[in-house]
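>>> Below are the sequence and a predicted model for it; my questions follow.
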Amino acid sequence: MRAVRSFFDSCGFLEVETPLRIPANAPEEHIDPYMSEAWFLQTSPEMCMKRLLSRGYGNIYQICHCWRSSERGSKHLPEFTMLEWYRTTGDYRDLMADCEGLLKWLACGDWVETGKGFSNNILAAFGNTAEQITVEEAFGRYASMGMQAAVREGVFDEIMVTLIEPSLPRNRPVILKDYPAEMAALARLKEDNPAIAERFELYVNGLELANGFSELIDPSEQLERFIEANYRRNQAGSSPLPLPEPFLVDLASMQPAAGIALGVDRLVMLLCGAERIDDVVSFTPEEL
């Protein structure tokens with residue numbers, strides 16, 4: 001945690017803190033928040049951090065706890081630690097460079113010499129240049145159907161998890177970029193190809209570590225996407241979620257920016273060579 005903070009401090013980012021309990025998260029089809037009386041525990045600090053950007057803050061970062069209901073597995077916890085950061089003058093390509101810089105900082109920092117039990121293979125992978133692959137290229141390499149066909153047939157996520165993620169290179173970070181627009185609810189679309197969103201995910205050793213994108217800053221389009229997400233939730237049998245109205249108001253004042261969220265517990269899993277997220281937290285939910 002100290003090493004992560006020292007990286008962002010060295011890059012001129014401001015560390016911020018925002019409320020954990022909020023009246024509304026960003027409605028997303030597959031993410032269910034925990035209720036806290038009539039409000040919710042945050043699924044991400046995204047709403048409040050973007051509101052800070054809209055009020056004139058520059059590059060910012062935050063390390064905080066987030067909660068997502070019904071997420072439990074060898075790589076998932078319902079309560080987890082998130083690192084989120086935003087750049088106010090760049091796009092998703094700048095975030096890709098940040099990811100490489102952070103991993104190399106962690107691989108080469110003085111703190112490594114005092115650590116015990118770190119995976120030498122992962123430290124070596126962190127130090128390598130990331131390989132960038134478009135999602136369309138990945139479907140062409142590793143899947144039996146094309147990207148857009150997978151979206152139309154509703155099997156995009158299934159193919160990603162079962163075929164593409166296990167096939168990604170393991171000896172270096174992988175940046176999987178340019179997702180179909182349907183798979184990027186808060187991301188800006190490419191000007192020359194609106195079917196593609198400026199979104200990417202960072203993988204190391206086949207493990208998804210971070211999700212970043214150039215931010216959508218059009219309030220009307222963002223509202224339409226939130227409404228569409230709630231419609232899909234309703235079709236899938238989940239309850240619609242309230243809209244973050246103050247966020248939509250502030251979004252009109254937000255300048256172009258890019259933001260990314262990284263799972264800190266998963267980062268520690270990689271560094272320690274752990275197979276389960278249970279091995280790198282103080283208490284699992286079942287122990288409380």
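That came in fine, so what should we check first?
>>> which secondary structure elements does the helix or strand hosting Ile196 contact?
Assigned by DSSP states H and E, Ile196 belongs to strand 193-204. Based on contacts counted as 3 or more CB pairs under 8 Å, 6 or more residues apart in numbering; DSSP states H and E, the elements that strand 193-204 packs against are helix 92-108, helix 120-126, strand 174-180, strand 189-190, strand 207-214. (Glycine included, C-beta is placed from N, CA and C.)
>>> outside of the following helix or strand past the last one, which residues touch it?
Helices and strands here follow DSSP H and E; after strand 207-214, the next one along the chain is helix 219-235. With contacts defined as CB atoms under 8 Å, 6 or more residues apart in numbering, helix 219-235 is touched by 26-29, 185-186, 216, 239-241, 243-244, 248-249, 251-252.
>>> Among those residues, which ones are in helices?
Using DSSP state H, the members of these that fall within helices are Leu248, Val249, Leu251.
>>> residues in contact with the second one?
Residues in contact with Val249 (CB under 8 Å, 6+ apart) are Pro219.
>>> re earlier: nearest to Phe80, of the contacts of helix 219-235?
Ranking the contacts of helix 219-235 by separation from Phe80, with CB to CB as the measure, puts Glu28 on top at 16.0 Å.
>>> Neighbours of Glu84, how many?
22 (other CB atoms under 10 Å).
>>> now Met183
By other CB under 10 Å, the residues close to Met183 number 17.
>>> just checking, it touches Arg199?
Yes - if you go by CB atoms under 8 Å, Met183 and Arg199 touch, sitting 7.4 Å apart.
>>> gap between Asp192 and Ile133?
Plainly put, Asp192 is 20 Å away from Ile133 if you go by CB to CB, to the nearest Å.
>>> neighbour count winner among those two?
For the pair Asp192 and Ile133, the greater number of neighbours falls to Ile133 (21 against 6), based on other CB under 10 Å.
>>> which strand residues sit across from the closest residue to the more buried one other than its chain neighbours in the sheet?
If the residues on either side of it in the chain are set aside, Ile133 comes closest to Leu176, at 5.6 Å by CB to CB, 6 or more residues apart in numbering. Under DSSP bridges, the beta-bridge partners of Leu176 are Ile133, Glu201.
>>> Run through the residues that contact Leu176.
Leu176 makes contact with Ile133, Thr134, Val135, Ala138, Ile164, Leu168, Phe200, Glu201, Tyr203, according to CB under 8 Å, 6+ apart.
>>> and the last one, how many neighbours does it have?
It stands for Tyr203. Tyr203 sits with 23 neighbouring residues when counted by other CB under 10 Å.
>>> Same check on the third one?
The tally of other residues near Val135 (other CB under 10 Å) stands at 23.
>>> One more: the fourth one?
Ala138 sits with 22 neighbouring residues when counted by other CB under 10 Å.
>>> That one and Leu106, how far apart?
From Ala138 over to Leu106 the distance is 25 Å, taken as CB to CB.
>>> Could you do Arg5 as well?
Plainly put, Arg5 is 12 Å away from Leu106 if you go by CB to CB.
>>> Next: Trp85.
In this structure, Trp85 lies at 15 Å from Leu106, with CB to CB as the measure.
>>> Of the two, which one has the most company?
Between Trp85 and Leu106, counted using other CB under 10 Å, the more crowded position is Trp85 (26 against 21).
>>> Leaving out sequence neighbours, find the closest residue to the more buried one.
Tyr61 (3.8 Å).
>>> Can you report phi and psi for Thr81?
Here the main-chain torsion angles of Thr81 (degrees, to the nearest 10) amount to phi -100, psi 130.
>>> Same check on the one 4 residues further on?
Backbone torsions for Trp85, taken as degrees, to the nearest 10, come to phi -140, psi 160.
>>> Thought Asn59 was touching it, still the case?
Yes - in terms of CB under 8 Å, Trp85 counts as a neighbour of Asn59; the distance is 7.3 Å.
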